[in-house]
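>>> just to be clear, the model below is a prediction. Sequence and coordinates:
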Amino acid sequence: MIAEGTIDWAGRHPQGQVHGKPLHDVTSDIHEWIRQVRGGIMAGAFAVERMLSAAIIHYFLGGRMRDLEVQEAFDEGILQRLTFERRISLALIIAANFLDPADYKDFDGKLTSLRTLRNAMAHNPFWFHPEFDDQGTLINIVPVIKRGRAVVPLTTAFIEEQNEEIKRTIDLAQRLVVAVVEKVQSEFVANLLPGDSTL
């Protein structure tokens, strides 16, 4: 297993600077940036996970959400035991009833992408891939991480793209929760009305 922050020199001997800065300073800056990136991705995944949980609990409990003992039993007995992947699978079954086909397909793809990114950030070390010019001079050092079987460069452009994907995933998860809650509330109100009511 590769150690966090390892540099794969591929038999080359590095120069002491990158972009006019000492190599140690550059790698220290990248370590701090990766820490922040990981935190942001994990926070985004947590936000999505909480929304998926809300959709699941409202969908299955409906009006029984008002009974705190039932809600607590469902949360502790079922939800807390679900992995992120299983929450996604269950939420997608629910989403098929609430999102239009295009949004559902988008949501499915984005949840899968977020799951693999979250798992990579939570469980895999990153390492540095040095880039050299034609004369063998070190010109850049890029952090990379294994995501599934692919090695992914953690560039600013990549992280910005992932942040947009996470934002869209959060938006879709929020729409799902709102749709489920609205259905539960309308059913609750319908049950309160007399059978011949024309409201």
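Received the coordinates, thanks.

>>> where does this structure have low pLDDT?
Applying pLDDT under 70 to the chain flags the ranges 1, 11, 13-16, 188-199.

>>> buried sites along the longest helix along it?
For the chain, the helix that runs over the most residues, judged by DSSP state H, is helix 23-61. By neighbour count on 16 or more other Cβ atoms under 10 Å, the buried set for helix 23-61 is 23, 26-27, 30, 34, 37-38, 41, 44-45, 47-49, 51-59, 61. Glycine gets a C-beta too; all of them are placed from N, C-alpha and C.

>>> gap between it and the chain center?
6 Å (Cα atoms, centre = their mean, to the nearest Å).

>>> tell me the angle of whatever helix or strand comes next after it relative to helix 23-61?
Sequence-wise, the next helix or strand downstream of helix 23-61 (DSSP states H and E) is helix 68-77. Per axes from the mean of the first three to the mean of the last three Cα atoms, to 10 degrees, the angle that helix 68-77 makes with helix 23-61 is 130 degrees.

>>> so what's residue 163 closest to, chain neighbours aside?
Leaving out its chain neighbours, the residue that sits closest to residue 163 by Cβ to Cβ, 6 or more residues apart in numbering is residue 40, at 7.1 Å.

>>> tell me how far the one you found lies from residue 148.
Counting by Cβ to Cβ, to the nearest Å, the gap from residue 40 to residue 148 is 20 Å.

>>> what does residue 132 give?
Distance from residue 132 to residue 148, by Cβ to Cβ: 27 Å.

>>> neighbour count: these two, which is higher?
Counted by other Cβ atoms under 10 Å, residue 132 and residue 148 do not tie: residue 132 has more neighbours, with 15 against 11.
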